[in-house]
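Colleague: Have a look; sequence and predicted model below, questions after that.
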Amino acid sequence: MVLSTFLRGYVHTNLPEMRIKSDVMRKLCFVLLLTLSLKSNAQKKWDGGASNNQWNSAENWFPDGVPGSTDDVLLDNSLTSGNYTVYLPAGAVTSYIQSLLISPESGMQIICEIPQSNNIAPALVITGNGNALELKAGAIFKNSSGASSGDALIVDNGFRIENGARYIHHTARGNATLIDQLVNDAGTEAGTFEFDVPGAAGYTVSLTGNTFGNLVFSAGSGSKSYNGSGVSTLHIRGDLVINSGVTLTSSMTADIVIDNNLDVKGNFQLHPVSPGSSNRSLQFNGSDFNISGSGNISLNSSFNKIMLNTGSAGHLNRPILLANNTNIFQLKSGATLYCSNYPISGNGVFIMEADAELFVDSKTALQPFSPDAAISTAVISISDQTVFHFTSNGQQNTGTGFPSAIKKLIVEKPSGNLVPNKSLRITGNISLQNGIIYSSPESLLILSDCSITSPENQYGFTNQGWENSFINGPVKSEKTNSGEFAVPVGKENYYAPVRFNKIQTGLSSYTISYFPSACSQLSPLNSATLHHISTQEFWQIQTNQSSGAVYISLSWRPHSLVSAEPAERISLRIACYANQGNGNRWSSVGNAPQVMGNQEYGFLISDQPAEQFSFLTLGSANAFNSLPFRAISFKTNAAKNGIDLNWEVDDLHEILDFVIEKSENEKDFRVMNHIWPGIDNSQRKFYFTDHNPFT
């Protein structure tokens, strides 16, 4: 319309003017035609009208006609439903198009294949701009070219494999120029580039300096060797999968970086062609990845390290052998490794930097050349700011390679105990979720300004240890700041915590042990402050360094046999065996302690600070509080001449005498008699008859 109007405007002009105007018109027409040509790319959409899956059948396209060099090709489910496959032409036929987009409907699969019967290279040339070849989720492009040389698939610009899509290189033809066109934007991290090259001959893969989503190596039903070399980093943003029958050998002197899983079912040979102090490493960046597979991972002497980078978290679901003393397995700061009962072993070095965390499922955590250890390398180097998490059933040991200090210890075992093989200082936090820690003077657990994380215990406190997770044996507690803190100590099946209230700042340290039995020193008593003490249990507290006195609280539990009557519990005292200036004896720490709890569980809190300790237990200021002798039986029988009293003890514990007291109102008691056990302590049964019982 515009062109015809232009001509009509110059019909009646003279010839010279007409010739000038005609030249202008011809130039304008050329511009218009050129513009129309640039915008005239047609879209060819698959409708499967020929029902033969052949690219070169005109009826398979809408509009009918085989795609040409100016066409954008779309394989989708808009004109045909379900899964289908499209085969490019056989023979020496090259197809040219502008672009190819394979976009199946969700849950569908569409395959486009260069068949083995096509024997020319290239078989398909895609010349358009942008993402000239794009595979959406569910799309597969399979290159099975049978050409004897050259590149079968040429993409001039942008080869995008979206997450859930796959390219299969099922030909011996080249791969480098195609890999150069891979697009690595968001949404392609899990797009798969798979090598499944037929034949027994070795095949070279362009690895150096390239970036993939998922990278997969397959061998069909036979065996296949792949190799790659170079000096630039290989970055795999998804998984690296080496399937059964495959041997992948990297002689690169550069790093291989994997952002997700490594699955080795075949053989993965990390054999740099030459040694060097840098690069030559296998690095992991994923936040939740797996190192798995039943195949072999081989490291030569020129390979440097397997490394979990900062912020990564990996599950080791296969063993790792560091065959050479130059091989290193390293957890960078902030990295986490779940061992899953598979060892890292060999002549190499295991390194954990500050804030790295190791989950241990093995019987032993760290011990060189031990078949039971999670880490059994020749050299073990652990920062004192690391985190260890014990998680498996049964008894676990820290091992001889465990550091002497760590930042955090987490005990979260379904069953069983944790036994340190040497003394261990924890400087940040101890998390007692489930499982008992066994401590001893030779392998002492030291809580150094360390917080506690745990569920609520039977005493009503959180983050102070609990009945399912405490420290069996001596515990050393080091505190600098003032304030309250608890020590989750116990013995056997008894959780018997001690609480302190530190008055002053400055370093103080205490070693606390609990014993569910009578103290070997049961006398003498300071009768001015104590009437009797418990023979059920005691604590030993040694002050190693003190910056002043502390208030102390002792716990009780059913084993303590504390009186059921609140009125009687008021007379409870903390009894301390110490030298108060007149020799060692049991004396009360304070005269008006605070009692909190019930008959079964509670704390007795001193109202008087103390600085020196030795043995401590529960005592009573008078006779009303029934802290019993250990394993005592007591019977009364009516007799003609009064009431017979009979009692028996299994151990006298240096008892000086038994005092028989009597009350008519259950409050006011008077002494009736004394029964002395005897000098040799051989007597166990005792008798007394009250000839004048009350009515």
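Modeller: Looks like it came in fine.
Colleague: Spit out the contact partners of the nearest residue to Tyr459 once chain neighbours are set aside.
Modeller: Nearest residue to Tyr459, sequence neighbours excluded (Cβ to Cβ, 6 or more residues apart in numbering): Tyr601, at 5.3 Å. In this view, the C-beta of every residue, glycine as well, is placed from N, C-alpha and C. Contacts for Tyr601 (Cβ atoms under 8 Å, 6 or more residues apart in numbering) come out as 458-459, 555-558.
Colleague: One more pass at 6 Å, please.
Modeller: 458-459, 557 (Cβ atoms under 6 Å, 6 or more residues apart in numbering).
Colleague: Same question for Asn544.
Modeller: Ser509.
Colleague: List the buried residues for the helix or strand hosting it?
Modeller: Applying DSSP states H and E as the criterion places Asn544 in strand 538-545. Within strand 538-545, the residues scored as buried using 16 or more other Cβ atoms under 10 Å are 538-541.
Colleague: of all the residues you listed, which comes closest to Thr233?
Modeller: Closest approach to Thr233 among the buried residues of strand 538-545 (Cβ to Cβ): Ile541, at 58.2 Å.
Colleague: Can you verify my assumption that the closest one contacts Ser513?
Modeller: No: judged on Cβ atoms under 6 Å, Ile541 makes no contact with Ser513 at a distance of 8.0 Å.
Colleague: Type out the PyMOL command that picks the buried ones from the contacts of Tyr601.
Modeller: To isolate the buried subset of these in PyMOL, counting by 16+ other Cβ under 10 Å, use the following:
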select buried, resi 459+557
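Colleague: Including secondary structure, could the contacts of Tyr601 go into CSV?
Modeller: Formatted as CSV, these follow (DSSP: H, G, I helix; E, B strand; the rest coil):
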residue, secondary structure
Gln458, coil
Tyr459, coil
Arg557, coil
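Colleague: which one of the contacts of Tyr601 sits closest to Met596?
Modeller: Of all those, Tyr459 has the smallest distance to Met596: 8.5 Å, by Cβ to Cβ.
Colleague: returning to that earlier point: I'd like to know how far the residue nearest to Tyr459 sits from Tyr494.
Modeller: 11 Å (Cβ to Cβ, to the nearest Å).
Colleague: Same check on Pro122?
Modeller: From Pro122 to Tyr494 the distance is 80 Å (Cβ to Cβ).
Colleague: And Pro566, by the same measure?
Modeller: Going from Pro566 to Tyr494 by Cβ to Cβ gives 23 Å.
Colleague: More neighbours: those two, which one.
Modeller: Per other Cβ atoms under 10 Å, whichever of Pro566 and Tyr494 has more neighbours is Tyr494, with 19 against 10.
Colleague: For the more buried one, which non-adjacent residue is closest in space?
Modeller: In space, and not counting its chain neighbours, Tyr494 is closest to Pro516: 4.9 Å by Cβ to Cβ, 6+ apart.
Colleague: before we move on, the earlier item: could you tell me the average pLDDT over the strand holding Asn544, please?
Modeller: Here strand 538-545 scores 93 as its mean pLDDT.
Colleague: so what strands line up beside that strand?
Modeller: Using DSSP bridges, strand 538-545 pairs in its sheet with strand 508-515 (antiparallel), strand 615-620 (antiparallel).
Colleague: Let me know the next secondary structure element after the first one.
Modeller: Along the chain past strand 508-515, the next helix or strand (assigned with DSSP H and E) turns out to be strand 532-533.
Colleague: centre of the chain versus stretch 117-132, how much separation?
Modeller: 46 Å (Cα atoms, centre = their mean, to the nearest Å).
Colleague: Using neighbour counts, pick out the buried residues of that stretch.
Modeller: Quick answer for stretch 117-132 (16+ other Cβ under 10 Å): 118-126, 128, 131-132.
Colleague: do the same with stretch 199-215
Modeller: Neighbour counts over stretch 199-215 (16+ other Cβ under 10 Å) mark 203, 205-208, 210-215 as buried.
Colleague: Repeat that for stretch 67-83.
Modeller: Within stretch 67-83, the residues that count as buried by 16+ other Cβ under 10 Å are 67, 71-77, 80.
Colleague: Tell me the one among those residues nearest to Ile306.
Modeller: Using Cβ to Cβ, Leu75 is the member of the buried residues of stretch 67-83 that lies nearest Ile306, at 41.4 Å.
Colleague: SS state for the closest one?
Modeller: Quick answer, by three-state DSSP: Leu75 is strand.
Colleague: And it, what's its pLDDT?
Modeller: Model confidence at Leu75, given as pLDDT, is 98.
Colleague: thinking again about what came up before, and the strands paired with strand 538-545, which one is worst for confidence?
Modeller: Set side by side, the strands paired with strand 538-545 show their lowest mean pLDDT on strand 615-620, which sits at a mean of 93.
Colleague: Please report the distance of Glu59 from Gly213.
Modeller: As judged by Cβ to Cβ, Glu59 and Gly213 stand 36 Å apart.
Colleague: Oops, could you answer that again for Glu484 instead?
Modeller: Distance from Glu484 to Gly213, by Cβ to Cβ: 55 Å.
Colleague: ok, now Ser517?
Modeller: For Ser517, the distance to Gly213 - Cβ to Cβ - is 66 Å.
Colleague: Also Thr480?
Modeller: Thr480 is 52 Å from Gly213, by Cβ to Cβ.
Colleague: same question, Ile503
Modeller: Using Cβ to Cβ, we find Ile503 at a distance of 62 Å from Gly213.
Colleague: Please apply the same query to Phe159.
Modeller: Going from Phe159 to Gly213 by Cβ to Cβ gives 11 Å.
Colleague: repeat for Met307
Modeller: Separation of Met307 from Gly213 (Cβ to Cβ): 22 Å.
Colleague: residues contacting the nearest residue to Leu135 once chain neighbours are set aside?
Modeller: Leaving aside its chain neighbours, Leu135 sits nearest to Ala165 (3.7 Å; criterion: Cβ to Cβ, 6+ apart). By Cβ under 6 Å, 6+ apart, Ala165 lies in contact with 135-137, 139, 191.
Colleague: which one of the residues you listed is nearest Asn646?
Modeller: In terms of Cβ to Cβ, no member of the contacts of Ala165 lies closer to Asn646 than Ala137, at 86.8 Å.
Colleague: and the closest residue to the closest one other than its chain neighbours, helix, strand or coil?
Modeller: Among residues not flanking Ala137 along the chain, Gly164 sits closest, at 3.2 Å (Cβ to Cβ, 6+ apart). Using three-state DSSP, the structure places Gly164 in coil.
Colleague: With Ala567 instead?
Modeller: With three-state DSSP as the basis, Ala567 sits in helix.
Colleague: Now that we're looking at it, what pLDDT does it have?
Modeller: Looking at Ala567, its pLDDT is 75.
Colleague: ok, it to Ile430 distance?
Modeller: Computed as Cβ to Cβ, the Ala567 to Ile430 distance reads 39 Å.
Colleague: Which residue ranges of the chain form helices?
Modeller: Along the chain, counting by DSSP state H, helices occupy 2-8, 15-38, 176-179, 566-569.
Colleague: Can you mark which positions in the last one are buried?
Modeller: Which is helix 566-569. 568-569.
Colleague: elements contacting it?
Modeller: Using 3 or more Cβ pairs under 6 Å, 6 or more residues apart in numbering; DSSP states H and E, no helix or strand is in contact with helix 566-569.
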